[in-house]
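# following is a predicted model, sequence given first.
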Protein chains: 2
Amino acid sequence: MSDPYGLRRVVRPRGVLPQQAEVLDPRLPMGEDELFIDVEHLNIDAASFRQLESSGRDIAGQVMEIVRARGKMHNPVTGSGGMLVGRVAQVGPQHPARAELRKGDRIATLVSLTLTPLVLEEIRAVHAHAERLDVRGQAVLFATGLWAPLPADMPLEMALAVLDVCGAPAWVARLAKPGQRVLVLGAGKSGSLACAQARKNGAQVTALDYRPEASQRLVAEGLADAALAADATRPLEVYAATRGAFDLVVNCASVPGTEMASILAAREGGEVLFFSMATSFTAAALGAEGVGKDVRLTIGNGYARGHAALALQLVRETPALQRIFTARVG
Amino acid sequence: MSDPYGLRRVVRPRGVLPQQAEVLDPRLPMGEDELFIDVEHLNIDAASFRQLESSGRDIAGQVMEIVRARGKMHNPVTGSGGMLVGRVAQVGPQHPARAELRKGDRIATLVSLTLTPLVLEEIRAVHAHAERLDVRGQAVLFATGLWAPLPADMPLEMALAVLDVCGAPAWVARLAKPGQRVLVLGAGKSGSLACAQARKNGAQVTALDYRPEASQRLVAEGLADAALAADATRPLEVYAATRGAFDLVVNCASVPGTEMASILAAREGGEVLFFSMATSFTAAALGAEGVGKDVRLTIGNGYARGHAALALQLVRETPALQRIFTARVG
């Protein structure tokens, strides 16, 4: 029986999706369209890891307790999860990746741990710097659950950092057109990938960051055509620097309050793609109306078909990105 | 000197946009690209009006005090404003509507009162039911400030109700394609306009509302092809009713928590247009990723070029919409 969203594993409350559930049942026999994973590492969401640390109690003990109680690593205080790395244990006969995956393949899950049924047998080590646990356990991935094979030719840390933001270059690949003027706000990980992809699409790319050296580095590395130094939380500063001339603005800033700068930087009839998780829906919708700007505002969906392969391939063929990610993930 | 965003009228803090300003100066001489309006009515935002009422003090007195202190009707508690109706007093020689507007023309402003410089001489009446004040005063509209002529062939209340949500049909006009299956969540004012416009574009329209009579009325009135009764805050209920088959989902629901239902109702590769101001950015972005749904998620910008004329014309040529709006504002 097909159960693409894993509804039968919801213990309580009944009738919600696994992410909203208080408790999942990770011990049911395998469904026809499920995938079982032998888990090696849990990468805990940064907000969750900080909360666990701040409680002053043993992190491993707290994680064991949460997973035992909820059937998933869903931090009840922060509401956040993380992702996992492991090896394929069994592939259901109706799972969509039946033809691609073999027992023993190493994969990362790209859906949150907040919706991933999990049993933990042991926590072997806690790597606080990397917010990662080495564990032994089993997880279940539903038919709609996203995953990516871990590349053999890239360090694990780098691959995970790329997979974490792989939606950004995938959507830029769809939206950036040759010859367009593209502005990328934020020269961090997702911003670097967005710049590289926009250039690959043939666009004229400007990188903007409040740290002049960050955007200039992208130019020096050949990932952007021009660099601007401005504070994206100050719309007038960004407007003065850009004169509202960009066809596509990609917001990869990591701080709140950058909606208006993005909108003012776009030309009339242009587009803004918001990849910052700090974006406020109302600030964007009402902000554009307040200045009478006819722009299409797109929410950066973390998924796009083929996003993981696209981002990994982009890094593979771009030594500059490898240098930038190596510097960031240590 | 051109000042399309009205920056010179910001008194404090310096260097922000008028909406973010604590105080504006409505008494400066007219700028070349400004428009002066003799104000007749203030339509106070519902949240703001409720707050003023709940304070137990005289509403007119509170409004006079806010406008005197801030130079705009920007409720310091709710942060919200409203819109105004008035007659054109003077049009600056560089204002973009110079050729269209004549002294005495009756217009409504479509930008928030939170960014509109205003002087009030007198409050003549308070109409609590309509959240409207009859006033005498002067307002300033900047070159980027949106406005619409009030039609002579439509009651004022109906025209204002249509203008309040005119972004929705304008964006539907751009996105809905002939033959597409379009689902509209919410059969209220913006939902009715969205249905009518989608049908006009040649789409197959389904209206969904938790009140069966609301969506069925749209079918009976010829504004939708089919009606569904489901609670948009229950994603699985909506998924069961729609089977995720819609090319375009237009969210006009007025309650929070409807992002997941919208995403599950869309087909793989489809689109969701969020016009509900209760939309959560992260719920939409992470929700789509959590279920591995490759959909384009668009923030409903309250503005699109020509949106007011489009919506008013749609109502003018659609007696069913006139009946629906009369029932709601009557």
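Received the coordinates, thanks.
# where's the closest residue to chain B within the stretch 151-300 of chain A, which helix or strand?
Among all residues of the stretch 151-300 of chain A, residue A:289 sits closest to chain B, at 3.3 Å; criterion: C-beta to the nearest C-beta. Every residue, glycine included, has its C-beta placed from N, CA and C. Here residue A:289 sits within helix A:281-290, counting by DSSP states H and E.
# again, but for residue A:169
Counting by DSSP H and E, residue A:169 is part of helix A:167-175.
# now residue A:247
Residue A:247 belongs to strand A:246-251, assigned by DSSP H and E.
# now do the SS call for the spatially most distant residue from the centre of chain A.
Distance to the chain centre peaks in chain A at residue A:292, reaching 31.8 Å (criterion: C-alpha atoms, centre = their mean). Three-state assignment for residue A:292 (DSSP: H, G, I helix; E, B strand; the rest coil): coil.
# in contact with it, which residues are there?
B:111, B:144, B:145, B:146, B:303 (C-beta atoms under 8 Å, 6 or more residues apart in numbering or on different chains).
# same check, this time on residue A:280
So residue A:280 contacts A:256, A:259, B:281 (C-beta under 8 Å, 6+ apart).
# can you redo those residues as a markdown table with neighbour count, distance to residue B:137 and pLDDT?
Output for the contacts of residue A:280, formatted as a markdown table (neighbours: other C-beta atoms under 10 Å in any protein chain shown; distance: C-beta to C-beta, whole Å; pLDDT from 0 to 100):
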| residue | neighbour count | distance to residue B:137 | pLDDT |
| --- | --- | --- | --- |
| A:256 | 13 | 35 | 90 |
| A:259 | 30 | 31 | 96 |
| B:281 | 24 | 37 | 93 |
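# ok, those residues vs residue A:169, which is closest?
residue B:281 (20.0 Å; C-beta to C-beta).
# quick check: residues of the stretch 51-200 of chain A near chain B?
A:110, A:111, A:112, A:115, A:144, A:145, A:146, A:167 (C-beta under 8 Å from any C-beta of the partner chain).
# which residues of chain A score low on pLDDT?
In the prediction, chain A carries residues with pLDDT under 70 at positions A:330.
# quote the end-to-end distance of stretch A:177-184.
14 Å (C-alpha to C-alpha, to the nearest Å).
# list the buried residues for it?
A:180, A:181, A:182, A:183, A:184 (16 or more other C-beta atoms under 10 Å in any protein chain shown).
# could you do stretch A:259-271 as well?
A:259, A:260, A:261, A:262, A:263, A:264, A:265, A:266, A:267, A:270, A:271.
# among these, which are located in strands?
Using DSSP state E, A:266, A:267, A:270, A:271 are the members of these that sit in strands.
# who are the neighbours in contact with the second one?
Under the criterion of C-beta under 8 Å, 6+ apart, the neighbours of residue A:267 are A:244, A:245, A:246, A:247.
# and residue A:148, that one's in a helix?
No - with three-state DSSP as the criterion, residue A:148 is located in strand rather than a helix.
# I'd like the residues of the stretch 51-200 of chain A next to chain B as JSON lines, with neighbour count appended.
Formatted as JSON lines, these follow (neighbours: other C-beta atoms under 10 Å in any protein chain shown):
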{"residue": "A:110", "neighbour count": "22"}
{"residue": "A:111", "neighbour count": "25"}
{"residue": "A:112", "neighbour count": "23"}
{"residue": "A:115", "neighbour count": "26"}
{"residue": "A:144", "neighbour count": "18"}
{"residue": "A:145", "neighbour count": "26"}
{"residue": "A:146", "neighbour count": "23"}
{"residue": "A:167", "neighbour count": "25"}
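# so what's the closest residue to chain B within the stretch 51-200 of chain A closest to, chain neighbours aside?
For the stretch 51-200 of chain A, the residue closest to chain B is residue A:144, as judged by C-beta to the nearest C-beta, at 4.3 Å. Distances taken as C-beta to C-beta, 6 or more residues apart in numbering or on different chains put residue B:292 closest to residue A:144, at 4.3 Å, once the chain neighbours are dropped.
# now residue A:264
For residue A:264, the closest residue by C-beta to C-beta, 6+ apart turns out to be residue A:239, at 4.2 Å.
# then residue A:156?
residue A:150 (6.7 Å).
# relative to residue B:189, how far out is the one you found?
From residue A:150 across to residue B:189, the span is 50 Å (C-beta to C-beta, to the nearest Å).
# state the helix or strand in which residue A:253 lies.
Applying DSSP H and E, one finds residue A:253 in no helix or strand.
# pretty sure it contacts residue A:272?
No - no contact is recorded between residue A:253 and residue A:272 when judged using C-beta atoms under 8 Å, the distance being 11.8 Å.
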